[in-house]
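**Student:** predicted model follows, preceded by the sequence.
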Amino acid sequence: MIKDPLAKALNDHVNAEYYSAYLYLTMSAYANRCGYKGIANWLFVQAREEMAHGTHIYQHLLDRGATPSFADVKAPQASYGSIKDVFEKVLAHERHVTELINRIASLAFNENDHATYNFITWYVNEQVEEEANADELVTKLRNAGDNQSLLYSIDAELGARQFVDPFPQTDA
């Protein structure tokens, strides 16, 4: 059985993951309105990943005998100054999520909850990749500046991204 403080932290994080999905969906809509279909796709795939993360943590709560609870998901910002601005906010958001996950890892470790600590380390490692990807895209967009050819090249590159369920179900 998971202890209440850790269950609360995980429940709060389910909400944070769903907020992330909303955030990336609004960013995707913004990119789509700006004519960047590939960037919109990348952000849409990112939203689907965040939903999968939230559901995965929800399932961990159930598996550990805790009761998942849900809070309101606040509406994210819906417009941005530029595509570069979008990805600067993506990077800042992913850094924030890293802090949240690190707090959960520390709490699980301090509460001697090895199962949850082992579970959350997947997210610790995932955040290294998330931050690196966002940082790389910010760098590319800063280097591209106002060069529309480079922006559309980045757009085409990001359009190739496909959703891969990080937690595929296996039927036994």
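**Tutor:** That came through fine.

**Student:** output the below-cut-off pLDDT ranges for the chain.
**Tutor:** Residue ranges of the chain with pLDDT under 70: 170-172.

**Student:** swap in 50 and give it another go.
**Tutor:** The chain contains residues with pLDDT under 50 at 172.

**Student:** just want the most central residue of it.
**Tutor:** residue 50 (4.5 Å; C-alpha atoms, centre = their mean).

**Student:** on the three-state scheme, that one is what?
**Tutor:** Under DSSP: H, G, I helix; E, B strand; the rest coil, residue 50 falls in the helix class.

**Student:** contacting residues for it?
**Tutor:** Remark: with contacts taken as C-beta atoms under 8 Å, 6 or more residues apart in numbering, residue 50 is in contact with 17, 18, 20, 21, 24. Where you see a C-beta, it was placed from the backbone N, CA and C, and this is true even at glycine.

**Student:** go with 6 Å
**Tutor:** Listed by C-beta atoms under 6 Å, 6 or more residues apart in numbering, the contact set of residue 50 reads 17, 20, 21.

**Student:** dihedrals phi and psi, the last one?
**Tutor:** When quoted as degrees, to the nearest 10, the phi and psi of residue 21 stand at phi -60, psi -50.

**Student:** likewise for residue 162?
**Tutor:** Dihedral angles (degrees, to the nearest 10) for residue 162: phi -130, psi 150.

**Student:** related to what we said a few turns ago, turn the contacts of residue 50 into a markdown table, including neighbour count and distance to residue 28.
**Tutor:** Listed next are those as a markdown table, based on neighbours: other C-beta atoms under 10 Å; distance: C-beta to C-beta, whole Å:
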| residue | neighbour count | distance to residue 28 |
| --- | --- | --- |
| 17 | 22 | 16 |
| 20 | 25 | 12 |
| 21 | 21 | 10 |
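
**Student:** return the member of these nearest to residue 138.
**Tutor:** Checking those against residue 138 with C-beta to C-beta, the nearest one is residue 20 at 17.3 Å.

**Student:** test my guess that residue 66 contacts residue 2.
**Tutor:** Yes. Using C-beta atoms under 6 Å, residue 66 is in contact with residue 2, at 4.8 Å.

**Student:** can you pull out the helices in the chain?
**Tutor:** Taking DSSP state H, the helices of the chain run over residues 4-33, 37-63, 83-110, 114-144, 148-159.

**Student:** a markdown table for the ones you listed, including distance to residue 77?
**Tutor:** Shown next, in a markdown table, are the helices of the chain (distance: least, C-beta to C-beta, whole Å):
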| stretch | distance to residue 77 |
| --- | --- |
| helix 4-33 | 7 |
| helix 37-63 | 13 |
| helix 83-110 | 8 |
| helix 114-144 | 16 |
| helix 148-159 | 20 |
